[in-house]
Each structure stands twice: as structure tokens, then as C-alpha cells.
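okay, structure incoming, though there's no sequence with it:
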């Protein structure tokens, strides 16, 4: 039995959304892990809700990189708020 083009489109879109959601979650978790490692005394978990509302994968990737090079936790927070 052949599936309808609409069904195939819906399935493909669902797969794409799942992949994007997984990539977002991995980027957020990686950013938080990096910050926890670099700044163990900072309240890193307070940033999770802020990161979770960012839909742009490129922005999350930029923040992930910034977590690795920020001079301080406060510097990262400032970059996050930009």
C-alpha cells in the first residue's frame, strides 16, 4: 500500500522537527555542561530556562562556543542577553 503524498510530507516534517529538537537540546546541555565545568560556583542552572526559549540553532551554537571562551560567567550572561 502506497502512502499519500500528504502523509509522507507530515511524516517527513515530524522527523525534521524531532531532529531539530534533539539538536537544540544537545546544544543547551553542552553549553550548561561547559559552564558548570568552567564556573563551578556559578548558578548555571538558572540559565537553562533562558536557553530553552531560544529557537535559533545558530544562536545556540554561538552561545555554546562562547561558553568555552567567555572570560567569566558574568561575561557569558552578558553575551546571552545581547
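Yep, that arrived. Bear in mind the structure is a predicted one, so any value in this text is a computation, not a measurement.

what sits up against stretch 74-82?
Stretch 74-82 is contacted from outside by 35, 39, 47, 50-51, 63, 66-67, 70, using Cβ atoms under 8 Å, 6 or more residues apart in numbering. Heads up, the C-betas are built off the backbone N, CA and C, glycines and all.

one more: stretch 21-34?
By Cβ under 8 Å, 6+ apart, the surrounding residues in contact with stretch 21-34 are 44-45, 47-48, 51-52, 54-55, 57, 60-61, 63-64, 67-68.

mind listing what's buried along that stretch?
For stretch 21-34, a neighbour-count test (16 or more other Cβ atoms under 10 Å) marks 24, 27-28, 30-32, 34 as buried.

now stretch 74-82: how far from the chain's centre is it?
15 Å (Cα atoms, centre = their mean, to the nearest Å).

if you could redo that for stretch 10-17, that was the one I meant.
On Cα atoms, centre = their mean, the centre of stretch 10-17 falls 19 Å from that of its chain.

cool, stretch 2-17 as well?
That offset, for stretch 2-17, works out to 25 Å (Cα atoms, centre = their mean).

average model confidence for that stretch?
Mean pLDDT, computed over stretch 2-17, is 84.

equivalent analysis for stretch 50-65, please.
On average, stretch 50-65 scores 96.

skip the chain neighbours and tell me the closest residue to residue 61.
For residue 61, ignoring the flanking residues on the chain, the nearest one in space by Cβ to Cβ, 6 or more residues apart in numbering is residue 27 at 6.1 Å.

assign that neighbour to helix, strand or coil.
When classified by DSSP: H, G, I helix; E, B strand; the rest coil, residue 27 comes out as helix.

what do you get for residue 71?
coil.

how many neighbouring residues does it have?
Residues lying near residue 71 (other Cβ atoms under 10 Å) number 7.

got a list of what it touches?
Contacts of residue 71 (Cβ under 8 Å, 6+ apart): none.

what about residue 19, which helix or strand?
Using DSSP states H and E, residue 19 maps to helix 5-38.

before we move on, the earlier item: filter the contacts of stretch 74-82 to the buried ones?
35, 39, 47, 51, 63, 66-67, 70.
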